[in-house]
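sequence and predicted model, in that order:
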Amino acid sequence: MQYILLGCVIILSVLGALEVIRILSYSMTSVPENSFTLLVQIKSTEECEYIIESLIERIRWSSIDFKALVLYNKENEEIREIAEKLISKYSNITLLSYEDLNYNHIINL
């Protein structure tokens, strides 16, 4: 019985040490600024305000500085108007229609 208990303690100690090493290595390696772009798609006016406010909160509370592209359908001007009012204060959020989006918008942010 003592050997089983000793074996369990050794296994748990090794797993704990590995977890400490994993946490330390994760905290020491930082993600470079603007390392990714978040692409958000808005399909309807009902969800527009909720999605953009959620995105703004995500940016506000995130420890990583990232860029966001908000896509909307060009035929629906109401989405564009709502989105422009909500994101006017944030320089890292770009509002684009599907037709305006191209590879350069994603790479050059």
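Cool, the structure landed. Numbering: from 1, shown residues only.

now the most centrally placed residue in the chain. Nearest residue, chain neighbours left out?
In the chain, the residue lying closest to the centroid (CA atoms, centre = their mean) is Leu38, at 6.1 Å. Leaving aside its sequence neighbours, Leu38 sits nearest to Ala68 (CB to CB, 6 or more residues apart in numbering; 4.4 Å). The C-beta positions use only the backbone N, C-alpha and C, and glycine is treated the same way.

so what's that neighbour bridging to?
Leu38, Ile93 (DSSP bridges).

could I get the pLDDT score of it?
Looking at Ala68, its pLDDT is 84.

for the one 3 residues further on, same thing?
At Leu71, the model reports a pLDDT of 88.

that one is in what secondary structure piece?
Taking DSSP states H and E as the criterion, Leu71 maps to strand 67-72.

Ile21 now?
With DSSP H and E as criterion, Ile21 is part of helix 2-28.

same check on Ile52?
Element membership for Ile52 (DSSP H and E) is helix 45-61.

and that helix, how far from the chain's centre?
With CA atoms, centre = their mean, to the nearest Å as the basis, helix 45-61 stands 12 Å off its chain's centre.
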